[in-house]
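1. A predicted structure for the sequence below; I have some questions about it.
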Amino acid sequence: MTDPRRRAVLGACLVGLGAWTAPLQARDAAQPLRFDELYAGMSPQGLVLSPKILQLRGQTVVMRGYAAPPLRADAKFLVLTRQPLAICPFCATDADWPADIMVVYCREPSLVPGGQLLLVTGRLEAGSHSDPDTGFMSQIRLRDAELSRP
């Protein structure tokens, strides 16, 4: 017979292991998405969402990119960019607006230093949205996102 204490310890270890592997499993099940797949081009009304974005709307995706320097220390989102940026892309009037960014609302609050390379897994949203706290406008976002290092 198996000792009940041994079974309890083994069960607790397996539950703990599940907590570590759940984000990895979510990332493995997520559809990969690259910055060059966000938009199909421009129209007189502005950027046109790509067919892939329209197809993946509402699904879990994973993206690799760099955290932009924060817009505000208390912002509830971060901005993911294709390349690392030295300054906040929205704070200096002479900085070029990045053509390929993804707004990321994390499941857990996290302050990520600018320039950090990340893998971000979250639910894809598409369509115009204004952040209620900052007024920051986005066309494409990730919600309930989890961050990890590549």
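-> Looks like it came in fine.
2. alpha carbons only: can I get the helix or strand harbouring Leu124 in CSV?
-> In the assignment (DSSP states H and E), Leu124 maps to strand 117-130. Extracted in CSV, the C-alpha atoms of strand 117-130 (Å, rounded to 0.1, in the frame of the first residue of the first chain):
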residue,chain,number,x,y,z
LEU,A,117,12.9,41.2,-25.2
LEU,A,118,9.6,39.4,-24.4
LEU,A,119,7.4,36.6,-25.5
VAL,A,120,3.8,37.8,-25.0
THR,A,121,0.8,35.4,-25.0
GLY,A,122,-2.7,36.8,-24.9
ARG,A,123,-6.1,37.1,-26.5
LEU,A,124,-6.2,39.1,-29.7
GLU,A,125,-8.6,42.0,-30.0
ALA,A,126,-9.0,44.1,-33.1
GLY,A,127,-10.9,47.3,-33.7
SER,A,128,-10.6,50.9,-32.5
HIS,A,129,-10.3,51.2,-28.7
SER,A,130,-9.4,54.2,-26.4
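3. quick one, whichever helix or strand comes after that strand and strand 117-130 angle?
-> Beyond strand 117-130 on the C-terminal side, the first helix or strand identified by DSSP H and E is strand 137-148. With axes from the mean of the first three to the mean of the last three Cα atoms, to 10 degrees as the basis, strand 137-148 and strand 117-130 are set at 150 degrees to each other.
4. who's in contact with strand 137-148?
-> 23, 26-27, 38, 47, 49, 53, 61, 63, 77, 80, 102-108, 110, 112, 118-131 (Cβ atoms under 8 Å, 6 or more residues apart in numbering). Every residue, glycine included, has its C-beta placed from N, CA and C.
5. so in this structure, where's the weakest helix or strand by average pLDDT?
-> Using mean pLDDT, DSSP states H and E, the weakest-scoring helix or strand in the chain turns out to be helix 4-29, at a mean of 47.
6. show me what the helix or strand following that one pairs with in its sheet, parallel or antiparallel.
-> Using DSSP H and E, the helix or strand that follows helix 4-29 towards the C-terminus is strand 31-32. In the sheet, strand 31-32 lines up against strand 60-67 (parallel) (DSSP bridges).
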